[in-house]
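> sequence and predicted model, in that order:
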Amino acid sequence: MRPRATGGMMQKIFAAPARWAASVLESWSAMRRERPGEFWFACLFWSFWFSLASFPIGYGMREVMPVLSFIFLLLYYRHEWHNSVLRRLDARRLFYCLWLMVGIGVCFSTDPLASLLHAGTGVNKGFILPFIAMECVRDEKDLRRLVWACALACFWQGLDGIWQAATGRDFIMGYTRNAGRLTGSLGDYTVGNYIALALIPAFGLWFVLRRGLDAVSSAFLCLAVFWPAFFLLQGAASRSGVLAVAASFGFWALLRRRRWQWRILLWPLLALGLFILCQPQRLTPEHVIDDGRWSLWNLGWRVFLEHPWFGAGAGQYNAAFRSLGLAPLKDEITISHPHNLYLDMLYAHGLVGFCLGMIFLLGFLWWGYRRIRPRLAEEYAERDASPYWRLTAWFWIGFAGWLVNGIFGHDFYRIWWLGLAMSHLGVMIGAVVNGADRNPARPPRGTKGEGNV
């Protein structure tokens with residue numbers, strides 16, 4: 001009798017989850033039949049959310065998730081194109097500038113096939129992400145969830161960095177340190193740039209927590225979530241990453257423009273000061289002067305002078321400077337990029353392509369600033385207002401931080417780096433477009449109106 005009783009108990013234990021799963025499947029099936037647009041939006045949102053939360057887990061995930069999300073996006077467009085952000089976006093022409101720049105980098109390349117392969121890797125892992133991300137923000141709840149996704153990625157990747165510091169290997173891929181610097185699951189100390197850029201929109205967690213908690217409790221929880229990420233940022237010793245985080249508070253002050261903004265500007269100085277305290281050898285005058293980037297920048301400039309109008313082609317940095325009989329002074333002869341986003345765009349696409357690329361980048365930066373800032377001021381003026389525009393602002397700052405990081409960072413077509421920036425850009429675009437319909441404000445001076453943003 002005892003075994004039968006035990007078996008009956010086990011059946012009851014497993015029956016409850018089975019009933020719950022069946023109920024969930026039935027509700028999703030009903031949604032698929034009755035509200036297909038909502039169904040495909042849910043698939044799109046959660047696949048994108050998971051891609052943000054798991055972004056540093058490995059190359060395979062970054063290969064698969066954007067493609068899966070893009071399939072859901074096309075199915076969503078089929079049923080909800082009339083409600084889509086892309087249909088209502090008045091800045092679509094800025095994307096044409098991006099595509100023209102890429103086309104120049106391929107068609108006028110010294111090796112068109114190699115440039116096509118180099119630039120083409122960004123299609124499924126970078127260039128489709130703004131369109132995916134912009135449709136994933138319908139309301140404040142979506143924004144809060146995306147902030148939590150960024151915070152979760154920072155937290156678990158930070159823990160991975162702590163584990164690597166303690167054991168010598170990260171717990172995802174088994175990577176070891178590189179030149180004594182932490183690498184996390186990315187396998188290189190460029191993880192410092194990743195964690196810096198992921199942290200910036202995750203800072204919006206402060207406003208999410210303040211909706212239900214006092215300042216002390218919110219600060220305690222933010223510290224608990226973010227300290228592993230800051231440990232990894234410091235351990236990776238990424239100067240450009242720290243610069244991006246420091247600049248983010250300056251961008252926040254620019255958006256707020258209050259009398260006490262000078263206090264906010266103390267935060268960038270504090271971030272840089274803490275980095276100097278923890279990594280004094282990385283910012284000594286001798287170390288800065290001896291940095292190999294100066295030589296790499298000179299090579300990029302020499303290549304640009306040789307191909308001034310349409311560039312040497314995407315991904316042709318190494319082949320181009322070698323063809324001129326040049327070589328880096330500090331780095332390996334195989335170096336593939338000049339370690340500067342803007343110089344990379346300049347040598348690869350020439351003046352024509354560079355201007356098109358900057359119209360795209362700075363165009364969306366200005367477009368977002370002109371729309372976010374007045375609504376942010378109204379949100380602060382309204383007592384007990386939701387943090388919608390504050391969360392939107394930090395995704396805009398995430399994109400702006402990428403532009404700062406690019407001063408000393410990678411090449412434009414660095415896939416994980418481009419993909420993260422395009423995700424932040426897309427979230428900002430979607431939040432602005434849907435936020436304008438949700439809570440219209442007076443259009444900025446010099447515009448005709450933003451009812452159809």
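Sure thing, it's come through. Numbers count the residues shown, from 1 in each chain.
> measure stretch 130-138 end to end?
Across stretch 130-138, the straight-line distance between its terminal residues is 15 Å, by Cα to Cα, to the nearest Å.
> give me the contacts around it.
Identification of contacts with stretch 130-138 by Cβ atoms under 8 Å, 6 or more residues apart in numbering yields 41, 44-45, 48-49, 66, 69-70, 73, 76, 84-86, 89, 95, 142-143, 146, 422-427, 429-431, 433-434. Placement of C-beta: from N, CA and C, glycine included.
> kindly report the same for stretch 54-67.
Contacting residues not belonging to stretch 54-67 are listed as 47-48, 50-51, 124-125, 128-129, 132, 153, 157, 160, 172-173, 184-186, 191, 194, 198, 415-416, 419-420 [Cβ under 8 Å, 6+ apart].
> do the same with stretch 83-103
Contacting residues not belonging to stretch 83-103 are listed as 37, 76-77, 81, 119, 122, 127, 130-131, 134-135, 137, 314, 345, 349, 353-354, 356-357, 359-360, 363-364, 367, 429-430, 433-434, 452-453 [Cβ under 8 Å, 6+ apart].
> now the top helix by length along the chain: how far from the chain's centre is it?
Determined from DSSP state H, the single longest helix within the chain is helix 341-381. Here the centre of mass of C-alpha atoms in helix 341-381, compared against the chain's by Cα atoms, centre = their mean, to the nearest Å, lies 15 Å away.
> now the element after it, going C-ward?
The element immediately downstream of helix 341-381 (helix or strand, assigned by DSSP states H and E) is helix 388-405.
> which strands or helices does that next one pack on?
helix 140-167, helix 191-202, helix 205-210, helix 239-256, helix 341-381, helix 415-438 (3 or more Cβ pairs under 8 Å, 6 or more residues apart in numbering; DSSP states H and E).
> try 7 Å this time
helix 140-167, helix 191-202, helix 239-256, helix 341-381, helix 415-438 (3 or more Cβ pairs under 7 Å, 6 or more residues apart in numbering; DSSP states H and E).
> follow-up on the earlier one: filter the contacts of stretch 54-67 to the buried ones?
47-48, 51, 124-125, 128-129, 132, 153, 157, 160, 172-173, 184-186, 191, 194, 198, 415-416, 419-420 (16 or more other Cβ atoms under 10 Å).
> residue 174: what's it in contact with?
The neighbours of residue 174, taking Cβ atoms under 7 Å, 6 or more residues apart in numbering as the test, come to nothing; the list is empty.
> surely it is within a helix?
No - following the definition DSSP: H, G, I helix; E, B strand; the rest coil, residue 174 is coil and is not counted among the residues of a helix.
> quick one: stretch 60-68 to chain centroid distance?
Averaging C-alpha positions (Cα atoms, centre = their mean) puts stretch 60-68 15 Å from its chain's average.
> how about stretch 161-181?
Once both centres are worked out by Cα atoms, centre = their mean, stretch 161-181 turns out to sit 23 Å from its chain's centre.
> equivalent analysis for stretch 176-186, please.
Taking Cα atoms, centre = their mean, one finds the center of stretch 176-186 at 21 Å from the center of the full chain.
> quick one: buried residues of stretch 349-360?
349, 350, 352, 353, 354, 356, 357, 359, 360.
> and the helices and strands packed on helix 388-405 as CSV, adding mean pLDDT?
Output for those, formatted as CSV (pLDDT from 0 to 100):
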stretch, mean pLDDT
helix 140-167, 96
helix 191-202, 95
helix 239-256, 88
helix 341-381, 96
helix 415-438, 92
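> just name the most buried of those helices.
Between the helices and strands packed on helix 388-405, the one whose residues have the most neighbours on average, counting mean count of other Cβ atoms under 10 Å, is helix 191-202 (a mean of 28).
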